[in-house]
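> pasting the structure only:
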């Protein structure tokens with residue numbers, strides 16, 4: 001139904017803005033007819049493309065005119081040594097299909113040229129007489145020169161922004177000749193290119209040279225409109241509109257909804273028109289409502305649209321958060337790179353362009369990071385219509401650490417034009433001028449430059465500022481952005497002025513036969529997974545960790561790499577040809593919804609240990625704990641007893657499985673419950689009354705979770721003067737006061753202060769016995785610096801017994817976990833490296849400490865030794881060797897057969913005391 005509704009809306013837009021393309025005369029001698037060349041992969045839309053329907057949609061939905069002529073289609077083409085001398089009146093030897101870049105199969109050329117000429121003829125309708133005629137380009141890479149009937153009408157530099165030339169004075173009656181010269185050297189030059197390369201490999205892709213967006217003509221009055229700058233002002237209930245165009249002219253603007261005028265204003269070009277939008281319906285991913293806009297200047301009329309929404313940042317739930325319409329909405333996105341196997345930079349059809357965004361929305365995402373590319377205007381139209389927030393990257397200079405000063409002017413000029421052209425897009429919430437330091441320079445000044453052009457959105461000065469070529473952090477941005485692909489470590493936390501985001505993670509790879517760019521060469525940002533189930537398993541594991549980081553580390557956004565494969569990079573939810581989904585969509589959707597629910601506070605993960613942190617400003621270092629049977633809040637002082645007292649199992653509610661109960665980690669069978677308004681911990685007596693008292697329902701709080709009593713609706717768990725009560729706002733007790741009630745009743749469910757759910761005897765010697773049936777005479781031991789299992793009995797030699805004995809130590813990286821020191825090699829610990837468990841001397845690095853730390857969890861007949869820093873893995877015996885293994889992962893030792901038994905170890909008396 002959604003597709004049909006959106007299709008109908010698009011049809012209405014196009015119908016209102018389209019006139020039939022005028023048939024044009026061609027030269028007596030003409031180039032060969034266009035034929036597509038075979039790209040390595042086709043998409044479901046490749047065969048739909050022809051010279052008569054190459055992107056026929058009106059290309060500029062934000063400023064539509066009713067009359068126009070599409071010049072997409074078959075043009076003559078030739079490579080050249082330069083673009084100084086146009087081939088006026090000459091038939092060029094080849095044919096290219098505009099607007100597909102020349103490296104694409106759809107262009108019919110499928111090779112690169114540094115210099116090139118395009119040529120075609122056209123006629124201007126007689127109904128346009130007396131008006132000016134504009135020749136519009138969506139984008140051309142990189143330098144463009146245009147001649148009409150032998151007269152040069154304009155030049156432009158920049159590969160990602162739209163531009164226009166007034167060609168009226170060069171026109172003649174009947175057939176007119178247009179020649180476009182384009183210069184696109186790509187590598188080694190001083191202008192933004194993003195990920196384009198002439199010799200693509202790895203994370204660098206095929207170049208997209210020449211014309212790559214729609215070319216069209218439109219008639220305008222001598223006095224006409226050139227741009228609409230729309231800025232919603234939700235708090236004032238108005239649209240702030242600046243109409244750009246012929247100076248001094250009067251303008252009138254009307255806002256409509258469903259064809260009914262809701263507000264209007266008059267003014268002049270360049271002035272701020274404040275158009276009332278009363279009782280505005282606010283745009284959001286859950287309700288992407290858009291208003292229509294009609295602007296008239298004398299005889300020039302343009303139509304467009306906008307959404308009413310506000311953006312900002314503020315402390316919510318005790319941490320700095322991004323705001324949408326005054327509320328924290330976690331931004332769950334993908335790294336969308338905008339590449340197509342048949343069209344490279346240009347989607348084969350508008351339906352294809354829409355498909356990518358529809359599929360991402362269907363998987364539960366509410367945001368897209370448009371990665372170092374600027375898309376055609378219709379891409380943003382679909383993001384606006386579908387309700388996907390957008391982070392907009394600036395295409396990067398080449399990925400070098402020190403860019404030549406001569407490149408900076410090109411970068412900044414194009415950055416300015418990109419911002420000016422896109423700042424009216426409703427869905428864009430976030431500007432990203434640099435990525436991982438590629439071409440980064442003067443980052444504080446560039447941040448100020450972006451803010452001077454648009455101060456309404458957050459500015460992420462450098463996505464991935466924790467890695468790669470990044471310069472030191474600018475102190476004037478709004479975002480701390482980490483790239484952490486496997487979620488094995490922590491992300492940086494927000495500070496007093498900046499939100500914290502995970503700008504890239506994932507990169508999980510899987511090859512699909514028949515849908516590979518170069519069969520056998522596909523790679524991921526880590527291991528390749530053999531099938532849909534295992535790939536989905538890993539996605540669920542790492543994205544569940546994102547959910548934990550929302551409250552634990554104040555994470556406000558995440559960006560998964562990526563929605564579809566790109567050339568040999570096989571990290572997508574879909575193959576590059578968009579034909580094969582590579583993960584189980586229902587499971588992806590479910591875990592994505594879990595992230596959003598954790599951020600809103602409506603879900604706390606059942607079956608896991610959590611701690612409940614206070615969110616009230618000034619008290620965010622305090623946790624809910626029990627002491628002498630009563631609940632209270634205390635600062636985490638690092639002691640074992642406090643960490644254990646402040647750790648709880650989240651169970652399905654004792655009185656209702658749709659709600660929650662919290663079981664003490666260190667006093668099994670005891671639950672948080674309310675009694676006489678106090679929150680306390682008591683043993684479950686099995687009565688219905690106890691079950692009701694110990695059941696709480698997760699509600700959306702102040703950026704985290706409010707816990708409402710199941711059997712006393714309207715009452716919530718609240719901290720008050722270090723004690724914890726069941727409080728009701730406006731009630732008769734001191735703890736019912738309305739002051740900071742919302743903050744005091746909101747709790748951040750974090751990764752537990754005590755991460756081990758099972759206990760091991762610290763500083764004592766123990767041996768670890770295999771529990772898998774048929775192998776229970778085997779024990780974990782080290783031999784030749786490798787961990788393995790061998791049969792050890794009372795008759796075994798002393799070395800085997802000593803090798804099979806370990807001293808249980810406090811975790812080197814986390815005191816709530818454990819490290820295993822060799823009994824007979826003091827100072828050496830079991831650790832994993834490339835998933836293999838080995839014995840190595842402690843080199844006191846952070847990596848070693850994390851590799852050598854395991855958190856004890858309940859197993860099947862024993863304990864699991866869960867890796868602290870290889871997420872979702874446990875120490876497992878497999879074919880006598882020992883690995884950290886995931887259940888259904890990328891490796892042979894991740895085989896799910898007998899996984900639960902193989903990762904469970906019986907903790908026994910030591911073979912060598």
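That came through, no problem. Remember, it's a predicted structure, so these values are computed and weren't measured experimentally.
> okay, and residue 541 sits in which element?
helix 532-552 (DSSP states H and E).
> list the contacts of the next helix or strand after that helix.
Next helix or strand after helix 532-552 toward the C-terminus (DSSP H and E): strand 555-561. Identification of contacts with strand 555-561 by C-beta atoms under 8 Å, 6 or more residues apart in numbering yields 320-322, 328, 330-335, 365, 367, 369, 391, 485, 491, 494, 499-507, 525, 539, 543, 546, 549-550, 571, 595. Where C-beta positions appear, they are placed from N, C-alpha and C, glycine not excepted.
> the protein: helices as residue ranges?
Secondary structure of the chain (DSSP state H): helices at 2-17, 350-362, 377-386, 408-422, 443-453, 532-552, 585-600, 640-645, 688-693, 741-744, 798-803, 846-851, 899-902.
> need these in JSON lines with distance to residue 195 and mean pLDDT, can you?
Below are the helices of the chain laid out as JSON lines (distance: least, C-beta to C-beta, whole Å; pLDDT from 0 to 100):
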{"stretch": "helix 2-17", "distance to residue 195": "29", "mean pLDDT": "34"}
{"stretch": "helix 350-362", "distance to residue 195": "17", "mean pLDDT": "98"}
{"stretch": "helix 377-386", "distance to residue 195": "17", "mean pLDDT": "98"}
{"stretch": "helix 408-422", "distance to residue 195": "16", "mean pLDDT": "97"}
{"stretch": "helix 443-453", "distance to residue 195": "20", "mean pLDDT": "98"}
{"stretch": "helix 532-552", "distance to residue 195": "23", "mean pLDDT": "97"}
{"stretch": "helix 585-600", "distance to residue 195": "25", "mean pLDDT": "98"}
{"stretch": "helix 640-645", "distance to residue 195": "45", "mean pLDDT": "98"}
{"stretch": "helix 688-693", "distance to residue 195": "57", "mean pLDDT": "98"}
{"stretch": "helix 741-744", "distance to residue 195": "44", "mean pLDDT": "98"}
{"stretch": "helix 798-803", "distance to residue 195": "51", "mean pLDDT": "98"}
{"stretch": "helix 846-851", "distance to residue 195": "30", "mean pLDDT": "97"}
{"stretch": "helix 899-902", "distance to residue 195": "39", "mean pLDDT": "98"}
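> the ones you listed: which one's closest to residue 862?
In terms of C-beta to C-beta, the element of the helices of the chain nearest to residue 862 is helix 899-902, at 9.1 Å.
> okay if I get the helices of the chain as a markdown table plus distance to residue 245?
Formatted as a markdown table, those follow (distance: least, C-beta to C-beta, whole Å):
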| stretch | distance to residue 245 |
| --- | --- |
| helix 2-17 | 19 |
| helix 350-362 | 28 |
| helix 377-386 | 18 |
| helix 408-422 | 14 |
| helix 443-453 | 19 |
| helix 532-552 | 45 |
| helix 585-600 | 42 |
| helix 640-645 | 65 |
| helix 688-693 | 67 |
| helix 741-744 | 48 |
| helix 798-803 | 83 |
| helix 846-851 | 59 |
| helix 899-902 | 67 |
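> report pLDDT for the closest residue to residue 782 other than its chain neighbours.
Once flanking residues are discounted, residue 782 sits nearest to residue 839: 4.0 Å by C-beta to C-beta, 6 or more residues apart in numbering. As predicted, residue 839 sits at a pLDDT of 98.
> residues touching residue 248, list them.
Contacts of residue 248 (C-beta under 8 Å, 6+ apart): 268-269.
> quick one: it from residue 227, how far?
Applying C-beta to C-beta, to the nearest Å, the value for residue 248 to residue 227 is 16 Å.
> cool, residue 767 as well?
75 Å.
> so those two - more neighbours on which side?
residue 767 (21 against 14; other C-beta atoms under 10 Å).
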